[in-house]
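Peer 1: test case, fold it:
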Amino acid sequence: MVAPATTPVRGEVEAPGRGPAAKSWPAWLVVVPFLLYVGTFLVYPTVLVLAGAFQDPNGAFTLENLVALGRGAYLQAFLRSVELSALTALLGAVLGALLSWAVTSGKSEGLLRRVVVAGSGVLAQFGGVPLAFAFLATVGFQGFVTRFLRDRFGIDLFAGGAWLFELPGLTLVYTFFQIPLMVIVFLPALDGLRPQWREAADSLGGTSWTYWRHVGGPILLPSFLGALLLLFANAFSAYATAAALVSQGSPIVPLQIRGALTGEVLLGQENLGKALGLGMVVVVGVAMGLYALLQRRFARWQ
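Peer 2: This next block holds a predicted model:
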């Protein structure tokens, strides 16, 4: 015997606390700490930078801070920062892609892959004071490599000047952490290349150049360009390593911001430092916009 179906009485109200909204509020509660963190350390500082960039020391509205970015040392700092970021991003992308290709050519669970992946995860985050000290102890004025080459072979690494503490030195140091970051970002794209595609190209009489020109290259191009933009933004926003390595002068924008906010010679430059920060936000925003445009353009290869 089947029990008769029961229907709710008209006008009966569902018990409170059992609707869809009541079931979803715990999920929103979990997100609250993340939203507070983002609001405190990202949104709020960005608002302060945006507001301060258009204020003079007295709090009045002005465009002089933004106009100053296009003159003198500040313009040169932006140009040098873009040059440094573009060069290290290109070097890191090319060398990191070659290292990733060498890793994927071996066994998927081989020792080489495990060592490179683990080392890249560590070295990509190895920056700031420890990285600067490592290079000073290695190729500094009294570094062991510098002394070894000078004592054994008569080679003076600093015969042409203190290059380690200028843009050439920053290029070398930045490339050190750009390469492992490229490996982390680009290795999954290489893993996505199926062996069947190469076998199909070979069976049709194609050469290695044909495969990479018509199959592998177009598939990897979006990932490579996206990683290149990521490396550019990473180098452009780096501060701690340059601050620990360069003690004299401010050749790049992050060091100019430090001088404007903490300088004891020229006081009242805090809002100029915020304008420099706003300029960095714009440059990084353009890089991320290009990344989104590339992803949309090459979405058919995904």
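Peer 1: surely residue 107 is in contact with residue 114?
Peer 2: No: counting by C-beta atoms under 8 Å, residue 107 does not reach residue 114; the two are 9.9 Å apart. Where C-beta positions appear, they are placed from N, C-alpha and C, glycine not excepted.
Peer 1: please, which helix or strand holds the closest residue to residue 131 other than its chain neighbours?
Peer 2: With C-beta to C-beta, 6 or more residues apart in numbering as the criterion, residue 131 has its nearest non-adjacent residue at 5.4 Å, and that residue is residue 241. Element membership for residue 241 (DSSP states H and E) is helix 240-245.
Peer 1: with the flanking residues excluded, which residue is spatially nearest to residue 227?
Peer 2: Take residue 227 and drop its neighbours on the chain: the residue closest to it by C-beta to C-beta, 6+ apart is residue 185, 4.5 Å away.
Peer 1: what's the burial count for that neighbour?
Peer 2: 22 (other C-beta atoms under 10 Å).
Peer 1: one more: the one 4 residues further on?
Peer 2: Residues contacting residue 189 under the criterion other C-beta under 10 Å number 19.
Peer 1: got the contact list for it?
Peer 2: 219, 220, 223, 224 (C-beta atoms under 8 Å, 6 or more residues apart in numbering).
Peer 1: I figured the residue nearest to residue 131 hits residue 173, correct?
Peer 2: Yes: Residue 241 is within contact range of residue 173, at 5.9 Å (criterion: C-beta under 8 Å).
Peer 1: residue 155 touches residue 147, doesn't it?
Peer 2: No: counting by C-beta under 8 Å, residue 155 stays clear of residue 147, with 10.8 Å between them.
Peer 1: which helix is the longest one in the protein?
Peer 2: In the chain, assigned by DSSP state H, the helix with the most residues is helix 72-105.
Peer 1: tell me what that one is packed against?
Peer 2: helix 111-123, helix 167-191, helix 217-236, helix 253-262, helix 270-297 (3 or more C-beta pairs under 8 Å, 6 or more residues apart in numbering; DSSP states H and E).
Peer 1: relative to residue 54, which of the ones you listed is closest?
Peer 2: Minimum separation from residue 54 across the helices and strands packed on helix 72-105 (C-beta to C-beta) falls at helix 270-297, 8.2 Å.
Peer 1: packing partners of that closest one?
Peer 2: Applying 3+ C-beta pairs under 8 Å, 6+ apart, one finds that helix 270-297 contacts helix 44-52, helix 64-68, helix 72-105, helix 217-236, helix 253-262.
Peer 1: could those go into TSV alongside mean neighbour count, mean pLDDT and distance to residue 199?
Peer 2: Below are these laid out as TSV (neighbours: other C-beta atoms under 10 Å; pLDDT from 0 to 100; distance: least, C-beta to C-beta, whole Å):
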stretch	mean neighbour count	mean pLDDT	distance to residue 199
helix 44-52	14	92	51
helix 64-68	15	93	57
helix 72-105	18	94	16
helix 217-236	21	92	15
helix 253-262	20	89	49
